[in-house]
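> predicted model, plus sequence, below.
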Amino acid sequence: MAGAARRRDGHVTQERMLEEAMTAIAEDGLSSLTMSALAERLGTSGGHILYYFGSKDLLLLAALRWSEAALAEERRALLSRRITAERKLDRFLRLYLPCGPRDPRWTLWIELWARTPGNSALGEAQEELDRGWHEDLEALLAAGVARRRFAPLDAGARASELLALLDGLSTRVVLSQESGRDPRPALEVARSAVRALITPYASGTGDVPDGTDSEPNVTGNVPGGATS
């Protein structure tokens, strides 16, 4: 593929392979992604890709890790923002949910879930990636309680409940079961669940402001981010 990033020796970089794999999944679906097809897109050989990843399963896992690493950076930036816990939580929902049925990250997640039983390596990878989301959401909720934005709650348990709900909604979006191809209803359902599960701190009791960031409640186009 013209313009593919290459090392000084002329070989396509591993990161470029992962990026192109995600693009191919978004365009043509996971079933159409083969080593030979990916190699043709990159202007290299299937053997060169296998040299780095060993198998299609390992390539897909590496692509998912690469995508999740970018989102982990987004989450870290979000948690450090000087905005209210409520707005942070809404942005978290957008980061988590897919952008539509062809979202490559969520396509890979569903494939990983299907292949995990009986595969300890994939199971460990799933737990590792899940842990990052859970820890960050738990920290967000705990900080919201500490700053008197949310009423007292079990942050760990509530994070598990919300993530389970988001997993279900995300799966329905990718399988085109959630109002067709529009991801926005899933975001509204997630917001409704947040209102039901997380009680605001009683007003007029000394709320502690999170900050003064006045940026509108929107998010950019990030891997896997739902838009409204």
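That came in fine, so what should we check first? Note that the structure is predicted; figures quoted are calculated from it, not measured.
> so for the nearest residue to residue 166 once chain neighbours are set aside, what's the pLDDT?
Excluding its sequence neighbours, the residue lying closest to residue 166 (CB to CB, 6 or more residues apart in numbering) is residue 96, at 5.0 Å. C-beta: built from backbone N, CA, C; applies to glycine. We have a pLDDT of 97 for residue 96.
> quick one: residue 96 and residue 168 touch, right?
No. Contact criterion CB atoms under 8 Å: residue 96 and residue 168 do not qualify, at 11.8 Å.
> tell me which of these two has more neighbours.
Per other CB atoms under 10 Å, whichever of residue 96 and residue 168 has more neighbours is residue 96, with 23 against 13.
> okay, the more buried one and residue 24: tell me how far apart.
23 Å (CB to CB, to the nearest Å).
> downstream of the longest helix along the chain, the next helix or strand is which one?
Longest helix in the chain by number of residues, with DSSP state H as the criterion: helix 120-146. With elements assigned by DSSP states H and E, the helix or strand that comes after helix 120-146 is helix 155-174.
> the helix or strand just after that next one - contacts with which helices or strands?
With elements assigned by DSSP H and E, the helix or strand that comes after helix 155-174 is helix 184-197. Secondary-structure packing of helix 184-197 (3 or more CB pairs under 8 Å, 6 or more residues apart in numbering; DSSP states H and E): helix 85-96, helix 155-174.
> put together TSV for those helices, with distance to residue 126 on each row.
As requested, the helices and strands packed on helix 184-197 are exported to TSV (distance: least, CB to CB, whole Å):
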stretch	distance to residue 126
helix 85-96	15
helix 155-174	11
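> quick one: closest of these to residue 186.
helix 155-174 (4.3 Å; CB to CB).
> one step back: quick one, which of the helices and strands packed on helix 184-197 is nearest to residue 17?
If we rank the helices and strands packed on helix 184-197 by CB to CB, the stretch that ends up nearest is helix 155-174, at 23.1 Å.
> now the angle from that closest one to helix 85-96?
Using axes from the mean of the first three to the mean of the last three CA atoms, to 10 degrees, the direction of helix 155-174 lies 40 degrees away from that of helix 85-96.
> quick one, which of the helices and strands packed on helix 184-197 is packed in tightest?
Greatest average neighbour count among the helices and strands packed on helix 184-197 goes to helix 85-96 (a mean of 21), per mean count of other CB atoms under 10 Å.
> report the contact partners of residue 202.
residue 151 (CB atoms under 8 Å, 6 or more residues apart in numbering).
> check it and give its pLDDT.
83.
> where does it land in three-state SS?
Following DSSP: H, G, I helix; E, B strand; the rest coil, residue 202 is assigned to coil.
> from residue 158, how far out is it?
Noted for residue 202: a distance of 18 Å to residue 158, by CB to CB.
> determine the number of other residues adjacent to the nearest residue to residue 151 once chain neighbours are set aside.
Spatial nearest neighbour of residue 151, chain neighbours left out: residue 199 (4.1 Å); criterion: CB to CB, 6+ apart. Residues lying near residue 199 (other CB under 10 Å) number 11.
> residue 199 touches residue 150, doesn't it?
Yes. Using CB under 8 Å, residue 199 makes contact with residue 150 at a distance of 6.8 Å.
> go ahead and confirm residue 174 touches residue 113.
No. Residue 174 lies out of contact with residue 113 (CB under 8 Å); the separation is 11.3 Å.
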